[in-house]
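# Quick one: sequence and predicted model below, then my questions.
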Amino acid sequence: MPGPRQPFPALRHAALLLALVLVVPAVATAFEAVLVPVLGPGLEGGGPACERPDPASVGSVQAMLAAPPGGWTGRPVAVVVSNVLVGEVRIGHGGVTACGSQWDFRRVDSRFRAGVGAVLTPEAGSTAPIEVGFPATLTPWLPPVVRHGDPATVQRGDTGRFVLRIATTAVIMAMALSALLSFLGLREPVFLAYGLNVLVLALWLSMLSGLWGYPRPWLQLGPLAASLPVALPLVLFGGTSRLVLRQGGLHRSLPALDEGLRRLVWLLLAAALVVLALPGAWLPFASVLVEGVFMALCLLLAGCLAVAIVRGRPRAAYALMTLLPFLAIGIAQALAPEPVRAWKVELLMLASAWFVLSSSLVLTVRLLTLRRQRDQLQVLARTDELTGLGNRRAILAELEGEVVRARSDGGPLAVAFIDIDHFKAVNARLGHAGGDRVLVAVARLVRQSLRRSDRIGRLGGEEFLVILPGADPAASVELLRRICRRIRQQAASGEGLRVTASAGVTWLGAGDDDAARLLVRADQAMFDAKRAGRDQVAVRPPPGADSTAPGVCPDTGGPDGGPGTAPGSPPDSRRQRGPTGHAR
């Protein structure tokens, strides 16, 4: 009896990922990260290190990094500010000010890449705070983060963040391009939808992480620079939700939900256009609504997929696996908001990379299914449905290939036609179902009598074509005589009558440029066997061939000492047409 079903492996992997996502925030302490609250109004003016300051974006918010007890030690202090999506960051102390923007890394300290940073050296004993100014955030769910400390420690943490962001973005972009290339090859719309959604996801994450401006801005967005990071998620939500629903196989069982998500796609696209037109003061409120829509869709899809898993649908488990990291981030933020906010960009990028990879797994399964279906169609197109042998198209194609191969290596090649005698009488006595059983039995006997290198196909009706690579005339004649003998003895032993077959054989000659001449001679040879009394093998050698093989090779080794015929059928009472027009 079959053993108990194992739990879904996808859920085990998802549980491991959930554990990793919950552990990552705790790792933040290893980099001595400090989340500094916003304290008051912004800085006024600029320092000598700031070139081309932008008055519209300078320090509307200020954070103060207080000196340690006893004042600064006189050692260098590194300060790095991240998650400032739009505007200029200013870091100053004692009249020295550095500034820069995450959207243009040409004007920032090259030692920092995950944020805008600077290394300052306050005078020993000074108690003046380090002043950090940046614009008010457009995304309250992703507040600016200020870190400071020993330059080596801060720089290592910043480099680690940057490497993680680059790696996840590279994975996401690679999967997007792979899906788009698959669409070009397969013309499957699901690959196009997946590729475009993943491409938009990669662009959005590049804006959140600052990679949009590294090493120089990819595209000058002008007034859209502030609103685009808020609007792009709306473009993603509708299409991605439908993809998850279809990956879980729920679009058929929940057609109303699928239709609702289809309409949601257009609604969210319209909402994205509205966000692009909003004034800057409304963008923080819009970003909070966007995050709420995202979590609501995640919970809705997760609930539907969980119900489907309980009902025994394994595809739903793989689809749910794609959403678990985002749900885990939401849970972790509720339990430990400060560490999660400090690492939220990295967590979002890891979750997005997991989503893209796990979704591609579902697409890979679909691709394998398409290939399997294509292979099955190819087999059906080349296989005779009744006997399981190659059909006319397949066997003639194989004959062409064997002729070319025999010409190149100089080896012998024999070709034979086998035709069941008096098959019309067999159908008349047994009916068409009985005739089909006889055809299947003859095909099985012939196939069992051949070597692995030999080929057999059904040309049509009761006629079979046999290809014998490497067989000389004597060996091919002897093989066909054995086949005729087996057919006479076994083909219809359970049907109450004896069935016989006639065969004609020829081989490749010097003047045979293609397979057509071989087919004509083999057919003529079989016609010779029919005229000579059936149940025997006839030979038609190539023109000019020096062969000692007899023209007709009757087999007298049967149970009755001679060839047999179907009872009640005179030798010439029926004539059927072969591929060359000869009667059968």
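Noted; the coordinates are in hand.
# Do you have the strands of the protein handy? List them.
Under the criterion DSSP state E, the chain contains strands at 61-65, 77-82, 89-93, 96-100, 116-120, 130-134, 145-149, 413-420, 455-460, 463-469, 501-507, 536-539, 552-554.
# Kindly reformat those as CSV containing mean pLDDT, distance to residue 489 and mean neighbour count.
Heads up, the C-betas are built off the backbone N, CA and C, glycines and all. Converted to CSV, these look like this (pLDDT from 0 to 100; distance: least, Cβ to Cβ, whole Å; neighbours: other Cβ atoms under 10 Å):
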stretch, mean pLDDT, distance to residue 489, mean neighbour count
strand 61-65, 80, 98, 19
strand 77-82, 91, 87, 25
strand 89-93, 89, 94, 27
strand 96-100, 85, 93, 22
strand 116-120, 90, 92, 24
strand 130-134, 89, 95, 25
strand 145-149, 89, 88, 24
strand 413-420, 92, 14, 27
strand 455-460, 89, 19, 21
strand 463-469, 93, 18, 24
strand 501-507, 92, 12, 29
strand 536-539, 92, 15, 28
strand 552-554, 54, 16, 18
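# how about those strands in JSON lines, adding distance to residue 158?
Below are the strands of the chain laid out as JSON lines (distance: least, Cβ to Cβ, whole Å):
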{"stretch": "strand 61-65", "distance to residue 158": "16"}
{"stretch": "strand 77-82", "distance to residue 158": "5"}
{"stretch": "strand 89-93", "distance to residue 158": "14"}
{"stretch": "strand 96-100", "distance to residue 158": "13"}
{"stretch": "strand 116-120", "distance to residue 158": "7"}
{"stretch": "strand 130-134", "distance to residue 158": "15"}
{"stretch": "strand 145-149", "distance to residue 158": "8"}
{"stretch": "strand 413-420", "distance to residue 158": "73"}
{"stretch": "strand 455-460", "distance to residue 158": "67"}
{"stretch": "strand 463-469", "distance to residue 158": "69"}
{"stretch": "strand 501-507", "distance to residue 158": "79"}
{"stretch": "strand 536-539", "distance to residue 158": "86"}
{"stretch": "strand 552-554", "distance to residue 158": "89"}
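# Looking at these, which is nearest to residue 177?
Residue 177 lies closest to strand 77-82 among those, at 27.8 Å (Cβ to Cβ).
# Just the CA atoms of the closest one, as CSV, please.
Taking Å, rounded to 0.1, in the frame of the first residue of the first chain, the C-alpha atoms of strand 77-82 are listed here in CSV:
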residue,chain,number,x,y,z
VAL,A,77,33.5,59.5,12.6
ALA,A,78,31.6,58.1,9.6
VAL,A,79,28.0,59.2,9.0
VAL,A,80,25.8,57.6,6.3
VAL,A,81,22.2,58.4,5.5
SER,A,82,20.0,56.1,3.4
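# got a pLDDT number for residue 323?
Looking at residue 323, its pLDDT reads 90.
# and it, how far is that from residue 149?
Going from residue 323 to residue 149 by Cβ to Cβ, to the nearest Å gives 36 Å.
# phi, psi of the residue lying closest to residue 135 once chain neighbours are set aside?
Spatial nearest neighbour of residue 135, chain neighbours left out: residue 87 (3.4 Å); criterion: Cβ to Cβ, 6 or more residues apart in numbering. Per-residue torsions, residue 87: phi 110, psi -180 (degrees, to the nearest 10).
# From here on, call the first residue 92.
Renumbered: residue one is now 92, and that last one reads residue 178.
# And for residue 178, the neighbour number?
24 (other Cβ atoms under 10 Å).
# cool, and residue 401?
With other Cβ under 10 Å as criterion, residue 401 counts 9.
# Residue 535 too?
Residue 535: 15 neighbours (other Cβ under 10 Å).
# wait, residue 324 sits on residue 295?
Yes: with contact defined as Cβ atoms under 8 Å, residue 324 reaches residue 295; the gap is 6.4 Å.
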